[in-house]
Structures are given as C-alpha cells and as structure tokens.
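K.L.:
Sequence plus predicted model, see below.
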Amino acid sequence: MSRRVGTVLAVAFALTYNNWVLWPLNGDPRVLAGFLSELGAATQPFHTVFRNLDILAGLLLLVTIAWGRHRWAGRLAPPRVTRWVVVLLTVFAVGAITDASVPMTCSATLDPGCPTFVDPRDWPLNQWAHSIVSVVLESALVASMALVALRGSQRWRRPARIALAISISAHLTMLVLAATWQGEAVPQMVLMLTQGAWIILLGRAGDRPTPVLPRAEGPQARRSTTR
C-alpha cells in the first residue's frame with residue numbers, strides 16, 4: 001500500500017473532481033447543453049453536493065502535491081522543473097477550492113433571465129469571479145502538462161504531450177461551442193477526464209522507484225581492477 005500512496009490519492013482526486021457523472025441529481029438533461037460548472041450554481045438542486053465534491057477534490061490534490069513534491073524530483077522531471085510543476089498544480093488546487101466556495105448565482109442554461117456567457121456585460125460579480133478563476137486554474141494545469149512535455153523525464157514526456165494535446169483541443173472546442181451556445185459540456189467532460197488522468201499519471205510517477213544512476217569509476221577504481 002505504501003508504494004501506491006500517490007496513485008490512490010490521485011485516483012481519489014480524479015473521482016471527486018469528475019463529479020459531473022452525478023448530473024442526474026440535477027434532474028434536467030438541458031444542463032448538458034451548457035458548462036458543467038452550472039451544476040453548482042446556487043439555484044440548482046443538489047448544488048452543495050457538486051460544490052463540496054469540488055472542494056474535496058482540491059483538498060485531495062493539495063495532499064497529493066504535499067506527498068509527491070519531493071518524490072517527483074528526478075522521476076517526473078529535473079528538480080527545477082518539478083518545483084514549477086508543484087507551483088502550477090498548487091495554483092490549480094487552490095483555484096478549484098476558491099471557485100467552488102463562491103458559487104455562481106444562477107445557471108445561464110437553465111434559469112430564465114440569467115446572463116449568458118456570451119454577453120458578459122450583465123454578469124454579476126460571482127460570474128466574473130468564476131470566469132477569471134477558471135481561466136487561471138485551467139491555464140496553470142495546461143502549463144504543468146507543457147512543462148513535463150518539454151522538460152520532463154523521457155518516460156513521462158509522451159503521456160504529457162498526449163494530455164496536453166487533448167486539453168488544448170478540448171479548450172478550443174469549448175470556445176467554438178460557447179460562441180454558438182450549445183453543447184459545451186461534452187468537450188468539458190473529455191477535458192476533465194484528461195485532467196484526472198494527468199493527476200493519476202503524476203501519482204504513478206511519485207510511486208516509482210528513484211532512478212539509480214551508475215557511478216563513474218575513478219582512477220583508483222580502475223587501477224584496482226587491473227591488479
């Protein structure tokens with residue numbers, strides 16, 4: 001069990017973070033025509049369930065970071081790169097907790113009269129806060145993938161590149177669909193599943209043994225082998 005702590009923590013994060021699978025609690029399939037964050041809007045049924053699970057996911061990620069920040073150095077990436085990955089993941093975790101702690105006042109998809117995401121001029125303060133925090137935390141997680149994809153250990157570069165490509169594609173698809181105001185939830189589901197898989201990958205990286213580099217033989221060692 002001690003050798004799988006990182007994986008267990010990361011899987012627990014992925015499950016709680018992807019709490020959108022509980023969307024039937026909302027009772028209205030139209031919620032899948034908008035952003036999944038609307039499940040936590042203050043006007044929606046069981047909004048506290050979705051928000052509390054988001055907060056729990058952020059806390060689990062902070063625990064995962066605290067557990068893995070030293071173990072990732074040399075396994076996931078060089079120490080200097082790892083420190084930046086830790087900072088970016090922490091920004092994401094704190095942002096997720098903050099975002100869930102201040103719910104949107106209404107659902108733009110389900111509540112008549114609620115300002116839409118397309119026209120931000122009439123957004124309430126909570127809507128602005130949600131949008132700004134979302135941009136910051138999503139950017140931080142994408143940047144963590146990019147760092148490992150470019151500067152990580154050889155073993156983890158390819159999966160990081162795959163996660164990065166899927167994440168960027170999902171974000172671009174969401175932007176296109178947001179302009180037409182339909183179906184953003186589908187690419188967002190793909191995005192959140194990818195993000196959960198990324199954290200699981202990090203957990204696995206921390207669980208792996210530290211690579212042992214071969215010791216270079218000095219002149220004394222070489223002389224001893226010739227005797």
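P.N.:
That came in fine, so what should we check first?
K.L.:
What distance do you get for residue 12 to residue 134?
P.N.:
23 Å (Cβ to Cβ, to the nearest Å). All C-beta spots, glycine's among them, are computed from the backbone N, C-alpha and C.
K.L.:
higher neighbour count, these two?
P.N.:
Comparing residue 12 with residue 134 by neighbour count (other Cβ atoms under 10 Å), the higher total belongs to residue 12, at 19 against 15.
K.L.:
I figured that one was touching residue 60, is that so?
P.N.:
Yes - with contact defined as Cβ atoms under 8 Å, residue 12 reaches residue 60; the gap is 5.3 Å.
K.L.:
Spatially central residue in the protein, please.
P.N.:
The centre of the chain sits closest to residue 195, judged by Cα atoms, centre = their mean, with a distance of 4.3 Å.
K.L.:
so how far is residue 18 from that residue?
P.N.:
With Cβ to Cβ as the criterion, residue 195 and residue 18 are 9 Å apart.
K.L.:
With residue 125 instead?
P.N.:
For residue 125 relative to residue 18 (Cβ to Cβ), the value is 28 Å.
K.L.:
again with residue 35
P.N.:
From residue 35 to residue 18 the distance is 15 Å (Cβ to Cβ).
K.L.:
Give me the more crowded residue out of those two.
P.N.:
Set residue 35 next to residue 18 and count neighbours by other Cβ under 10 Å: residue 35 wins out with 22 against 17.
K.L.:
quick one, phi/psi of the closest residue to that one other than its chain neighbours?
P.N.:
Spatial nearest neighbour of residue 35, chain neighbours left out: residue 184 (5.3 Å); criterion: Cβ to Cβ, 6 or more residues apart in numbering. Dihedral pair for residue 184: phi -60, psi -20, per degrees, to the nearest 10.
K.L.:
now do residue 175
P.N.:
Dihedral angles for residue 175 - degrees, to the nearest 10 - are phi -60, psi -40.
K.L.:
where's it relative to residue 61, distance?
P.N.:
25 Å.
K.L.:
of the two, who's got more company?
P.N.:
residue 61 (27 against 11).
K.L.:
Spit out the contact partners of the more buried one.
P.N.:
13, 17, 89, 92-93, 96, 199 (Cβ atoms under 8 Å, 6 or more residues apart in numbering).
K.L.:
hmm, back to that, what phi and what psi does the backbone show at the residue nearest to the centre of the chain?
P.N.:
In terms of degrees, to the nearest 10, the main-chain angles of residue 195 are phi -60, psi -40.
K.L.:
any idea how far residue 150 is from it?
P.N.:
As for residue 195, its distance to residue 150 is 19 Å (criterion: Cβ to Cβ).
K.L.:
for residue 189, same thing?
P.N.:
As judged by Cβ to Cβ, residue 189 and residue 150 stand 27 Å apart.
K.L.:
could you give the mean pLDDT of the strand or helix carrying residue 66?
P.N.:
Assigned by DSSP states H and E, residue 66 belongs to helix 47-68. The predicted model assigns helix 47-68 a mean pLDDT of 95.
K.L.:
quick one: contacts of the helix or strand just after it?
P.N.:
Using DSSP H and E, the helix or strand that directly follows helix 47-68 along the chain is helix 79-101. Under the criterion Cβ under 8 Å, 6+ apart, residues 17, 37, 40, 51-52, 54-55, 57-59, 61-62, 65, 69, 72-74, 76-77, 129-130, 133-134, 136-138, 140-141, 143-144, 147-148, 151-152, 202 lie in contact with helix 79-101.
K.L.:
The same query, at a cut-off of 6 Å, please.
P.N.:
Applying Cβ atoms under 6 Å, 6 or more residues apart in numbering, the external contacts of helix 79-101 come out as 51, 54-55, 58, 61-62, 65, 69, 72-73, 76, 133, 136-137, 140-141, 143-144, 147, 151.
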